[in-house]
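Participant: Sequence first, then the predicted structure:
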Amino acid sequence: MLIAVISDSHGNRISIDKVKKRISSADVLLFLGDGEGDLREITEEFKGEVYAVRGNCDMRGLYPEERLIELQGKKIFMCHGHRYGVKYGYNSIFYRGKEVGADIVLFGHSHIPIIEEEDGLILMNPGSISLGMGRLDKTLGYIDLIEGKSPVTYIKEI
């Protein structure tokens with residue numbers, strides 16, 4: 001199962017058009033907030049399942065702040081990350097992931113793509129599809145889940 005992970009679209013139409021092509025082969029799309037109004041356009045041709053959480057810039061509250069889902073036997077904790085201070089470190093979000101029994105923790109907010117693994121827990125920030133920061137520009141993440149195997153995670157520029 002291929003999962004596309006995106007965050008922080010912030011209404012950037014050019015990036016939205018590009019990311020629609022990048023997610024087309026995925027089975028599932030996970031959206032980590034800051035652009036809830038963009039999600040309908042992003043997914044208008046997407047055939048798979050979509051799960052979303054809201055970010056600190058999402059004022060309509062269309063989606064929950066946190067979500068724990070299970071795909072292919074892996075528990076995935078989703079949030080935007082702002083409530084866990086992810087711009088300053090990952091301790092709080094790491095412990096929240098442990099608390100809810102997650103295998104994978106996904107968050108956005110900082111616009112900085114990262115993948116880290118600690119104590120069997122994968123932390124991933126796919127970066128931002130609209131306002132990239134760090135060594136890569138606009139990015140999204142992927143998780144490849146094969147039952148009975150460790151998840152494969154990676155980040156690509158859009």
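Facilitator: It's in. All figures in this text were calculated on a predicted structure; none of them were measured in a lab. Residues are numbered from 1 along each chain as shown.

Participant: May I have the phi/psi pair for Glu99?
Facilitator: phi -60, psi -40 (degrees, to the nearest 10).

Participant: Quick one, grab the pLDDT at it.
Facilitator: Note on Glu99: pLDDT of 98.

Participant: So what's the residue count around it?
Facilitator: 9 (other Cβ atoms under 10 Å). For the C-beta atoms, the positions are set from N, CA and C on the backbone; glycine is no exception.

Participant: now the one 3 residues further on
Facilitator: Ala102: 22 surrounding residues under other Cβ under 10 Å.

Participant: With Asp27 instead?
Facilitator: 14.

Participant: what does Lys87 give?
Facilitator: So Lys87, with other Cβ under 10 Å, has 11 neighbours.

Participant: Could you check how far Ile69 is from Gly85?
Facilitator: 23 Å (Cβ to Cβ, to the nearest Å).

Participant: For Lys87, which non-adjacent residue is closest in space?
Facilitator: Distances taken as Cβ to Cβ, 6 or more residues apart in numbering put Ser110 closest to Lys87, at 4.9 Å, once the chain neighbours are dropped.

Participant: can I assume that neighbour sits in a strand?
Facilitator: No - counting by DSSP: H, G, I helix; E, B strand; the rest coil, Ser110 is not part of a strand but coil.

Participant: I'd like to know how far it sits from Met78.
Facilitator: For Ser110 relative to Met78 (Cβ to Cβ), the value is 15 Å.
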